[in-house]
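Q: Pasting a predicted model and its sequence here:
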Amino acid sequence: MGGSPRKKETEKGVEGMGPDFEQRTCTAAIGSVTQAMHARRLLAEAAVYATVVKNDPEQTGRGCAWGISYPCSMERSVREVLRKNGVRAHFGRGPE
Amino acid sequence: MIYLDHAATSWPKPRRVISEMVRCLREWGGNPGRGSHRLSMAAAEKLYECREELASFLGSGHPEGVILTPNATAALNLALKGLLQKGDHVLCSDLEHNAVLRPLARLERDGVITVDRFPSLAGAPNATAEEICRGIEARLQPNTRMVVCLHASNVCSAVLPAEQIGALCRRRGLLFLLDASQTAGRLPIRMNELNADAVCLPGHKALLGPQGSGALVLRRGLIPSPLLEGGSGVDSLSPSMPEALPERLEAGTAATPAAVGLLEGVRFVRELGLDRIREAEEARIEELKERLEALPGITLQAPHHRGSVLSFWCGGISSELLGAELDRRGICVRAGLHCAPLAHQTLGSPEGGTVRVSVGYATKRSDCDALWRAMKEILLV
């Protein structure tokens, strides 16, 4: 299972990728804003563009929480980079 | 005005430190790690940059382990009180500042720990790292858990052999806590090479940041208990602090302008180069030593050490009075015990302490010349 799709970024797709390519974004929950920033740096080094987002406290059940948002198409890379670097992330199916 | 009190705090700060702090107040004024709006995120980004810079500068490779504190004293309190447990035995040197001695004394009074001191041999011109380490070995007990010591003294320029002490701690399975108050920004500190588990530093001394900045830098996997509890921007529904660093140890709103100033100070120091700074500072002190030594009645404190600090006293004149006379002539030095009474006792200073001259990256030869001339005038030479 993948991370949760967050929103449709555009109906036209990504420039240069053809009209059929839908750029959806997924999110992964990560402990804190600092850890989310750390994750973002690691992903940038792996050429994955991610942004730090604050998650909805209603969804986390633990109050304020942070995460990263990334293109769903990059999910495999995101999981691999975070796992290799020991960053605990929650992709909607339990911590990894 | 001539400023020769850099061991207390550096001054003036580089212009870029000040301008970045002003920019922070103007442009990144949100509360970091709280809201997700742009000002809050911009502030959080700056805090993270500061952690990254310090982690890289100290070779910890662990930005989340950089805990931002108001000063080195807060960092030391957090490390000592957050890591030590009931029944632990701790060793510290006989040169320590009150920032180490008082938290240890408090824990000892409360029946949590026992403490012993190892000789720094700072008064001996030819003391070796091996001799100092033998002094530590001789005082180890089965329940010894930590060695905590300063990297360099704030009274004389003695530097403790951190690398050898760290190696000893690693062999013996002890925690090694290094107080880098006088060396961060002066001497190279690579935590992995020193085997240091934690390093405490002020941001406002040789790192050229503002007062109100400092850090506890932890090796990966070391997580002290929090001293403060409160808002952290994470896990708000839990009655406890979050598990994750650094938020676990940083309750309440962070001092973003201080962190931004520290970030810029560290960058400035790295661009200038530690070797260049150290060589210039040592050259100033060595010249001054020669001149002061020649004045009648002046005694230099442990002059065999090379560094950025020189203490002296003058028979028959109290150090506070000498300090005041220098101030009247526009020269700022520090007189007295320098919050390090144990170090003065170890080094054999007079009861009223010493006059301490400490130089910084911007100290000019003419500043030290002015001090020498003023001393001649005061001593009627």
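A: Everything's here; your move.

Q: separation between B:Ala254 and B:Ala43?
A: Noted for B:Ala254: a distance of 8 Å to B:Ala43, by C-beta to C-beta, to the nearest Å. From N, CA and C alone the C-beta is placed, and that goes for glycine too.

Q: Now the common contact residues for the two.
A: B:Pro32 (C-beta atoms under 8 Å, 6 or more residues apart in numbering or on different chains).

Q: where along chain B do the strands fall?
A: Applying DSSP state E to chain B gives strands spanning B:2-3, B:66-69, B:88-93, B:113-118, B:144-150, B:175-179, B:198-202, B:214-218, B:298-300, B:309-314, B:331-332, B:334-336, B:354-358.

Q: and of those, who's closest to chain A?
A: Each of those has some distance to chain A by C-beta to the nearest C-beta; the shortest is strand B:66-69, at 9.1 Å.

Q: Counting by contacts, list what the closest one packs against.
A: On a contact count with 3 or more C-beta pairs under 8 Å, 6 or more residues apart in numbering or on different chains; DSSP states H and E, strand B:66-69 meets helix B:38-58, helix B:72-83, strand B:214-218.

Q: For B:Pro246, find the nearest of the ones you listed.
A: Of all those, helix B:38-58 sits nearest to B:Pro246, with 7.0 Å by C-beta to C-beta.

Q: How much space separates B:Arg109 from B:Pro103?
A: The gap separating B:Arg109 from B:Pro103 is 11 Å, by C-beta to C-beta.

Q: These two: which has the busier surroundings?
A: B:Pro103 (19 against 9; other C-beta atoms under 10 Å in any protein chain shown).

Q: At the contact with chain B, which residues of chain A appear?
A: Neighbours of chain B within chain A, by C-beta under 8 Å from any C-beta of the partner chain: A:31-35, A:37-38, A:41, A:52-54, A:57, A:61-66.

Q: how many other residues sit next to the residue of chain A found nearest chain B?
A: For chain A and chain B, the shortest gap (C-beta to the nearest C-beta) falls at A:Gly63, measuring 3.0 Å. By other C-beta under 10 Å, the residues close to A:Gly63 number 15.

Q: SS state for it?
A: A:Gly63 falls in the coil class when you classify it by DSSP: H, G, I helix; E, B strand; the rest coil.

Q: Now do the contacts for it.
A: With contacts defined as C-beta under 8 Å, 6+ apart, the neighbours of A:Gly63 are A:Pro57, B:Val234, B:Asp235, B:Ser236, B:Leu237, B:Ser238.

Q: picking up where we left off before, neighbour count: B:Ala254 and B:Ala43, which is higher?
A: Between B:Ala254 and B:Ala43, counting by other C-beta under 10 Å, B:Ala43 is the more crowded of the two (26 against 22).

Q: Wait, that one touches B:Glu27, no?
A: No. B:Ala43 lies out of contact with B:Glu27 (C-beta atoms under 8 Å); the separation is 9.6 Å.

Q: Contact partners for the closest residue to chain A within the stretch 151-300 of chain B?
A: Closest residue of the stretch 151-300 of chain B to chain A, C-beta to the nearest C-beta: B:Ser236 (3.0 Å). B:Ser236 makes contact with A:Pro57, A:Arg62, A:Gly63, A:Cys64 under the criterion C-beta under 8 Å, 6+ apart.

Q: Can you select the buried ones among those for me in ChimeraX?
A: ChimeraX command restricting the contacts of B:Ser236 to the buried ones, with burial defined by 16 or more other C-beta atoms under 10 Å in any protein chain shown:
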select /A:64
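
Q: Could you provide the contacts of B:Ser236 in a markdown table, with additional columns for distance to B:Lys81 and pLDDT?
A: Shown next, in a markdown table, are the contacts of B:Ser236 (distance: C-beta to C-beta, whole Å; pLDDT from 0 to 100):
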| residue | distance to B:Lys81 | pLDDT |
| --- | --- | --- |
| A:Pro57 | 32 | 76 |
| A:Arg62 | 27 | 77 |
| A:Gly63 | 27 | 81 |
| A:Cys64 | 27 | 82 |
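
Q: Now do stretch A:67-80, average pLDDT.
A: Average pLDDT, stretch A:67-80: 94.

Q: Please state the offset of it from the chain centre?
A: 5 Å (C-alpha atoms, centre = their mean, to the nearest Å).

Q: quick one: terminal-to-terminal distance for that stretch?
A: End-to-end distance of stretch A:67-80 (C-alpha to C-alpha, to the nearest Å): 16 Å.

Q: For that stretch, buried residues please.
A: Using 16+ other C-beta under 10 Å as the test for burial, stretch A:67-80 gives A:Gly67, A:Ile68, A:Ser69, A:Tyr70, A:Pro71, A:Cys72, A:Ser73, A:Met74, A:Glu75, A:Val78, A:Arg79.

Q: Report the secondary structure state of the second one.
A: So the one you mean is A:Ile68. When classified by three-state DSSP, A:Ile68 comes out as strand.

Q: Now do the same contact list for it.
A: Here A:Ile68 is in contact with A:27-28, A:30, A:36, A:39-40, A:43, A:50-53, A:78, A:89 (criterion: C-beta under 8 Å, 6+ apart).
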